[in-house]
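Peer 1: pasting the sequence and the predicted coordinates here, then a few questions.
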Amino acid sequence: MKKISAAIIATFVSFGAMAAGDPAAGQAKSAFCASCHGPDGKTTVAPNYPKIGGQNADYLVNALKAYRAGERKGGLSDFMTPMAAGLSDQDIEDLAAYFASL
C-alpha cells in the first residue's frame, strides 16, 4: 500500500512541477525577447540585461505578469512594461516554459 501511495504522490508532484506553458509555442513567440536577451536567453545585447535562459519558469511568469500589471518598477521596467503589456497569460506561460527549457 505504501508503494502505491508513494507512486501516486510522486506522479502528482511531477505534474505540478511541470511548466503550464508550451515551450514550442514560446519559442515561436520569443523574437521580441531575443532582440535583447539573445536567442538562447543568455546572450544579452547589453551587460545590464538579465540572462533568462534556464531561469525558473515560475520566476519568469511572476516577473512578466508584474511588468504587465505595472507593478514591477525600476531597473529595466521602462522597457519591459510595454513589452509585457500585450502578452496574454498563455503567452507568458509559453515564453516562461521556453526560456526555462534552455
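Peer 2: Looks like it came in fine. Numbers count the residues shown, from 1 in each chain.
Peer 1: surely Trp25 meets Asp94?
Peer 2: You called it Trp, but residue 25 is Ala. Yes - look at Ala25 against Asp94 with Cβ atoms under 8 Å: they come within range, at 4.2 Å. Every C-beta, even on glycine, is put in place using the N, C-alpha and C of the backbone.
Peer 1: give me the more crowded residue out of the two.
Peer 2: Using other Cβ atoms under 10 Å as the criterion, Ala25 and Asp94 rank with Asp94 on top: 24 against 16.
Peer 1: and that one, what helix or strand is that in?
Peer 2: Here Asp94, judged by DSSP states H and E, is contained in helix 89-100.
Peer 1: now for that helix, which elements pack on it?
Peer 2: If contacts are counted by 3 or more Cβ pairs under 8 Å, 6 or more residues apart in numbering; DSSP states H and E, helix 89-100 sits against helix 23-28, helix 31-37, helix 57-68.
Peer 1: and the helix or strand Met80 falls within, average pLDDT?
Peer 2: Using DSSP H and E, Met80 sits in helix 77-85. For helix 77-85, mean pLDDT is 96.
Peer 1: turn the helices and strands packed on helix 89-100 into TSV, including distance to Asp89 and mean pLDDT.
Peer 2: Below are the helices and strands packed on helix 89-100 laid out as TSV (distance: least, Cβ to Cβ, whole Å; pLDDT from 0 to 100):
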stretch	distance to Asp89	mean pLDDT
helix 23-28	13	97
helix 31-37	17	94
helix 57-68	8	98
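Peer 1: identify whichever of these lies nearest to Leu102.
Peer 2: helix 23-28 (8.9 Å; Cβ to Cβ).
Peer 1: so which other helices or strands are in contact with that closest one?
Peer 2: Using 3+ Cβ pairs under 8 Å, 6+ apart: helix 23-28 touches helix 89-100.
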